[in-house]
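Engineer: show me the folded form of this:
(one chain, ligands or ions: 1)
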Amino acid sequence: MAKIELEFSKNGPILVKRDGKVEMALCRCGHSTKKPMCSGAHATSGFIAELTKMELK
Ligand code: FES
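Structural biologist: Just a heads-up that it's a prediction; the model follows:
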């Protein structure tokens, strides 16, 4: 069974990982031009957030 993790990256998107490999990056700053995916806009929007990780079981 694959290991699925969510990484709420520091000042950036939610990385959805399967077996350690990034499958997608979801916007959590609200400024993406490609919602729900991250467009990189967080880098210039002033978005600040802590790093958090979660494993789905
Ligand atoms: S988190 Fe990257 S554009 Fe929103």
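
Engineer: near the ligand, which residues of the chain?
Structural biologist: 12-13, 27-29, 31-32, 38-42 (CB under 6 Å from any ligand atom). All C-beta spots, glycine's among them, are computed from the backbone N, C-alpha and C.

Engineer: 8 Å - rerun?
Structural biologist: Where proximity means CB under 8 Å from any ligand atom, the interface of the chain facing the ligand comprises 12-14, 25-34, 38-43, 45, 47.

Engineer: filter those residues down to the buried ones and hand me the PyMOL line.
Structural biologist: Selecting in PyMOL just the buried members of the residues of the chain next to the ligand, where the criterion is 16 or more other CB atoms under 10 Å, is done with this command:
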select buried, resi 12+13+14+25+27+28+29+31+32+38+41+42+47
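
Engineer: need the helices for the protein, in chain order.
Structural biologist: Per DSSP state H, the chain has helices spanning 42-45. These are given in chain order.

Engineer: and the pLDDT for Lys57?
Structural biologist: Confidence at Lys57, expressed as pLDDT, is 84.

Engineer: from the ligand, how far out is it?
Structural biologist: In this structure, Lys57 and the ligand are separated by 25 Å, where distance is defined by CB to the nearest ligand atom, to the nearest Å.
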